[in-house]
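**Student:** predicted structure and sequence below. I'll ask about it afterward.
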Amino acid sequence: MSPANRKRIWIGAAVLIVVGAGLWWLLSGEYVDESVPWPNNPALTTERFHMAGRWLAANGFDTESLTHLQDLDLLPAAGSLLIVHEDLGRQSEIEAFQLEDWLDRGGHVLVAAPLSTGLSERAALNPYRIYRCPFCLLGPAEDGDLADNADEEDVARRDRYQRWVSEDFELELRGFATLEADHWPAEVQRFFNDSDRVIFARYRHGNGQVTLMSGRDWLSNWELLDADHAAILLALVERDSGRVYLQQRAGGGGLIGWLWRQAPLLWSLAALLLAVWIWSKLVRLGPTIEEDAGHARQFREQLLASAHFDWRHNRGRHLLMALREAQRDRLLRRYPDWIQLDRDARLKHLLRLCPDLAADTVTWFMDLKTLEHHRQLAEFIRIHQRLMHAL
């Protein structure tokens, strides 16, 4: 068996194995039909706090959606609340500066606490080094062991929900995260769950105040369908807030950032076009095709095909150099003193060899150094062929 046939067999066997494994995976899987709600309102898929803004507006608050925080200094801060999209400390340097200025002007910020207490140039907004512990409630229960005959659904509910009890209400918050700190100072107002874990913390910063949350998932559109989550949002927003600003997305300003968020398909098509353009510029060499001895191809066709290939990849520079060398060799055979001749003498010889060509055409042919258009290359090859026949 030849190496080529052996290679084909191995490739065919590999393809059969991959196809067989894919078919087995598809046919052996279990499929379940599940209805996935898809809203008619596109803002529900592009704005994280869209439902929160509508809920606050329905309860009498004046709300406004923001995309970024870079123009925060143009908005009134005194008595206003800002709900931030990302964790505290993950903002850019410009946005962190805007947040600090917002607090100095008397604004209120509602934001999720950071995951760590790592110090950075933006740690001034978190002076008490409060951080978020995502899965602290998944450890051993601190409120005593559950009864042996407890219902499984009740156990799962206790693990997933935290109860926030105050003098005015008793609400349940979905999530496992809590707030932690190395030391809780008296300046920090804390809100506890039924396990004496902190879930919200509030402290003064400059002329404003910061409310840290143990998580922001409960504030998203679908989680806000929970009635307790909607009530918790109203409990955190003070009634005397003049205006509520909600940062719906995390991203910088400018046209590029806006296009990136609003038209993701545009960037996919641009990347596809770029890939096609790069592929078109690559040299593609296929298998060698045996020449058909019974098919006679004119030299002019072969030359034009080579010219087309050379033009696509280097604008015909290599072909022009090769043609010039061929002309030089033929002219030296006909005129041994060709190199010593001046320009006018060379032009006279070329006009004598090609009497049917105009003088300006031969002059252009003799002086051409670089090609600017593929038509020039075709015209140069045509004159070159006439000259080769004459020589």
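**Tutor:** Cool, the structure landed. Numbering: from 1, shown residues only.

**Student:** when you work out contacts or count neighbours from here on, use the C-alpha atoms and nothing else.
**Tutor:** Fine.

**Student:** what packs against the strand ranked longest in the chain?
**Tutor:** The residue-count maximum for a strand in the chain (DSSP state E) belongs to strand 198-205. If you count contacts as 3 or more Cα pairs under 8 Å, 6 or more residues apart in numbering; DSSP states H and E, strand 198-205 packs onto strand 178-180, strand 189-192, strand 208-213.

**Student:** which parts of the stretch 101-250 of the chain are helices?
**Tutor:** 152-160, 227-236 (DSSP state H, counting those that start in this stretch).

**Student:** returning to that earlier point: nearest to Q98 among the helices and strands packed on strand 198-205 would be which one?
**Tutor:** Counting by Cα to Cα, Q98 lies closest to strand 208-213 out of those; the figure is 13.2 Å.

**Student:** helices and strands of this protein: which one has the lowest mean pLDDT?
**Tutor:** helix 152-160 (a mean of 50; mean pLDDT, DSSP states H and E).

**Student:** quick check: longest helix of the chain.
**Tutor:** Ranked by number of residues, the top helix in the chain under DSSP state H is helix 3-28.

**Student:** toward the C-terminus, what is the element adjacent to it?
**Tutor:** Sequence order places helix 43-46 as the next helix or strand after helix 3-28, per DSSP states H and E.

**Student:** state the next helix or strand along the chain beyond that following helix.
**Tutor:** Using DSSP H and E, the helix or strand that follows helix 43-46 towards the C-terminus is helix 50-58.

**Student:** for the helix or strand just after that following helix, packing partners?
**Tutor:** Downstream of helix 50-58, the first helix or strand assigned by DSSP H and E is strand 63-66. Strand 63-66 sits against helix 50-58, strand 244-247, with contacts defined as 3+ Cα pairs under 8 Å, 6+ apart.

**Student:** at 10 Å instead, please
**Tutor:** helix 50-58, strand 81-83, strand 244-247 (3 or more Cα pairs under 10 Å, 6 or more residues apart in numbering; DSSP states H and E).

**Student:** tell me which of these sits most buried.
**Tutor:** strand 81-83 (a mean of 25; mean count of other Cα atoms under 10 Å).

**Student:** quick one: average pLDDT of that one?
**Tutor:** Averaging pLDDT along strand 81-83 yields 94.

**Student:** who touches it?
**Tutor:** 49, 52-53, 63-66, 69, 72, 99, 102, 106-112, 208-211, 216, 237-238, 240-248 (Cα atoms under 10 Å, 6 or more residues apart in numbering).
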